[in-house]
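S.K.: dropping a prediction and its sequence here:
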Amino acid sequence: MKRPVRLGIVGARRGSSFARTALTTLGKQVCLTSVCDSDPAVLAQWRHDHPDLAYYQSYDQFLAAANVDAVVLSTPLQLHAPQAIQALHAGKHVLSEVIAATTIDECWALITAVQRSGLKYMLAENYCYRRENMLILNMVEQGLFGEIICAEGGYIHDCTHLMYFPIGDYGKDRAGEPTWRGRIRQQYNGNWYPTHSLGPVAQWLGINHQDRLVSTTTWVSHGPVMPRYVQERFGAEHPDAQAEAFKNGDRAVTLVKCQSGALITITVDTTSPHPHNLLHYMLQGTSGSYLSRRFKGDDDVLWLHDQSVEDAYQPLTAFAAEFDHPLWQEHATRAGETGHGGGDYFVLRDFIESIRTDTPPPIGVVDAVTWSSIFPLSMDSVRRGGLPVDVPDFRVQIV
């Protein structure tokens, strides 16, 4: 494709970060043409700021428009798979926010839709593009960690304030109503948001390439936080002020066994009160060990058998000059202007580049559904009392 990719955004709140990236950092490669959102108040604000774009409340009408080549899905995660499949059937390339799918059937249906359409599908997992995670990936690919033994990823972020609409948010009539995040806490019991934790780790371990996920088990704690939050915020008479309103506990811990024998631990906790732990990763190999920082002001640390003093970690910054990922060396200035630690820039850049050059996207549909499948598999394991369940091999060719 020689002309700019005509981009439409679905879900205007989260999509605003991708819009800024498209408008300010990607130059002539992409042209933002339209926005779709079910909330008229959100569209009105967008129309005020960007009057030249086309606006839609109907997703069907948005997909029928001739001025869209590719869509960014920034909608609630329960909608990602059906909306992606519909967009592919309509002839649109898809960049989907995380997670890609919420059931195993959706995973297979998404693979089928991508393969039969011949279009590009990419998962917008921005944590894979954080500078620290890409530096570690570069070192792993150079063999500096040796054979991988185990790894850990965690999304530990207190998001209780995002579970309900606050007073005054788009009208007082929505105050105390659960958002899509809140509804997830009410409807599901498992590791509901695994890809921020698993995505970078899966790339380090070469999942779906040199290795694959084989089996997984999940345990979930009890959940005292959310009913207490609702009671304190909206009063004891609120229908969700009782523990019975929520199926999901406060912390989910998932173990995944790889075909190689390596073990992955995935932790998700979005309600326990604590300072934001932005990065929570660990990688242990036969030749090296990495620990991400655990609190504000802390350092990411690394120990390498052949380069570090015995029994002493060194700050990861000591290795940055030599092992900074080439993509960050080239694009640091532009990436630094975008959200999620530069991840939004790289995600959109790589998606657009895949379309323009007709090359596979870096995080394609097989990786997307493999990482996302931990959600439904974790619920299955929880229902079985923590028993292990098999992870499907999604590399099977369907078309």
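M.R.: Cool, got the structure.
S.K.: tell me which stretches of the stretch 1-150 of the chain form strands.
M.R.: 5-10, 30-36, 54-56, 70-73, 93-96, 121-123, 148-156 (DSSP state E, counting those that start in this stretch).
S.K.: how about those, which one is nearest Q284?
M.R.: Proximity to Q284 (C-beta to C-beta) singles out strand 148-156 among these, at 4.9 Å. From N, CA and C alone the C-beta is placed, and that goes for glycine too.
S.K.: okay, the helix or strand following that closest one in PDB with CA atoms only?
M.R.: Remark: after strand 148-156, the chain's next helix or strand is helix 180-187, criterion DSSP states H and E. The C-alpha coordinates for helix 180-187 follow below in PDB (Å, rounded to 0.1, in the frame of the first residue of the first chain):
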ATOM      1  CA  TRP A 180     -17.200  -3.000  32.100                       C
ATOM      2  CA  ARG A 181     -14.300  -3.600  34.600                       C
ATOM      3  CA  GLY A 182     -16.800  -3.800  37.400                       C
ATOM      4  CA  ARG A 183     -19.100  -6.200  35.500                       C
ATOM      5  CA  ILE A 184     -16.100  -8.500  34.900                       C
ATOM      6  CA  ARG A 185     -15.500  -8.700  38.600                       C
ATOM      7  CA  GLN A 186     -19.200  -9.600  39.100                       C
ATOM      8  CA  GLN A 187     -19.400 -12.200  36.300                       C
END
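S.K.: next, give phi and psi for P194.
M.R.: phi -90, psi -20 (degrees, to the nearest 10).
S.K.: show me what contacts the residue nearest to it when sequence neighbours are not counted?
M.R.: Among residues not flanking P194 along the chain, I374 sits closest, at 4.0 Å (C-beta to C-beta, 6 or more residues apart in numbering). For I374, the contact set (C-beta atoms under 8 Å, 6 or more residues apart in numbering) comprises N191, P194, L198, T216, T254, V256, I266.
S.K.: measure I374 to S197 for me?
M.R.: Here I374 is placed at a distance of 9 Å from S197 (C-beta to C-beta, to the nearest Å).
S.K.: where do the strands sit along the stretch 201-350 of the chain?
M.R.: All strands of the stretch 201-350 of the chain, identified by DSSP E, counting those that start in this stretch, fall at 213-220, 252-258, 263-269, 281-285, 288-291, 301-304, 314-315.
S.K.: how much does the helix or strand bottoming out on mean pLDDT in the chain deviate in direction from strand 30-36?
M.R.: Of all the helices and strands that make up the chain, helix 12-24 has the lowest average by mean pLDDT, DSSP states H and E, namely a mean of 85. Angle, helix 12-24 to strand 30-36, by axes from the mean of the first three to the mean of the last three C-alpha atoms, to 10 degrees: 160 degrees.
S.K.: what packs against helix 12-24?
M.R.: strand 5-10, strand 30-36, helix 40-49, helix 343-357 (3 or more C-beta pairs under 8 Å, 6 or more residues apart in numbering; DSSP states H and E).
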